[in-house]
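Asker: predicted model follows, preceded by the sequence.
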Amino acid sequence: MSEPLTTPGEGFHPHLHDAPDQSAAPLRSRVHHIRADALDGDTAQTGGMRRFAAVSGKTVGAERLWMGQTHVAPATSSSDHHHGESETAIHVVSGHPEFVFLDDSGGEPEEVRLRTSPGDYIFVPPFVPHREENPDPAEEAVVVIARSTQEAIVVNLPRLYALGDPQA
């Protein structure tokens, strides 16, 4: 590798310098490097888990995408929630988190529990109530999340309900 690695605090392009008489380029005209130790914890949260933004409208000027990490502590369950109009794609990095939702396609709502392993992917459609659980008593579960909106929309719910019956 001929160029040195980007280091924290160097900004967008540490190897491309702005001319002294020119202002810095706007957020959307540069490639951004978000280091693992620079994730932003000031984002929408749900009880039982911790979200960290990497790519968002706030961090890099994204207009149609949000991406970050979620950490679920050992032996912990998140609160029930959905992500509004956002489509959500999840990649399991570590641990064995479980994703729980109610399926009413058979008439009577039935709890479905998707058990995952590192390398697995999950897709959560818009407005689908769900929760994340980490049944492991010792290992934290970490997932990478991508959403189709620029911010992490989170609607916390008092309970889990089937998609077709939000008022029941």
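Answerer: Nice, I can see it. Numbers count the residues shown, from 1 in each chain.

Asker: by mean pLDDT, which helix or strand of the protein comes out lowest?
Answerer: Least confident element among the helices and strands of the chain, by mean pLDDT, DSSP states H and E: helix 57-60 (a mean of 84).

Asker: identify each buried residue in that helix, please.
Answerer: For helix 57-60, burial by neighbour count (16 or more other C-beta atoms under 10 Å) applies to 57, 59-60. Every C-beta, even on glycine, is put in place using the N, C-alpha and C of the backbone.

Asker: residues in contact with it?
Answerer: For helix 57-60, the external contacting residues (C-beta atoms under 8 Å, 6 or more residues apart in numbering) are 27, 32, 34, 40, 53, 63, 66, 150-151.

Asker: how much space separates residue 65 from residue 159?
Answerer: Separation of residue 65 from residue 159 (C-beta to C-beta, to the nearest Å): 30 Å.

Asker: between those two, which is the more surrounded one?
Answerer: residue 65 (15 against 10; other C-beta atoms under 10 Å).

Asker: for the residue most central in space within the chain, give me its contacts.
Answerer: Centroid-nearest residue in the chain: residue 145, 3.3 Å away (criterion: C-alpha atoms, centre = their mean). Listed by C-beta under 8 Å, 6+ apart, the contact partners of residue 145 are 51, 66-70, 88-91, 152.

Asker: what do you get if the cut-off is 7 Å, keeping everything else the same?
Answerer: Shown in contact with residue 145 (C-beta atoms under 7 Å, 6 or more residues apart in numbering): 67-68, 70, 88, 90.

Asker: can you redo those residues as a markdown table with pLDDT and neighbour count?
Answerer: Formatted as a markdown table, the contacts of residue 145 follow (pLDDT from 0 to 100; neighbours: other C-beta atoms under 10 Å):
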| residue | pLDDT | neighbour count |
| --- | --- | --- |
| 67 | 92 | 18 |
| 68 | 92 | 22 |
| 70 | 90 | 21 |
| 88 | 94 | 21 |
| 90 | 96 | 20 |
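
Asker: buried residues in stretch 106-123?
Answerer: Quick answer for stretch 106-123 (16+ other C-beta under 10 Å): 109, 116, 122.

Asker: so which of these are in strands?
Answerer: Of the buried residues of stretch 106-123, the ones assigned to strands by DSSP state E are residue 122.
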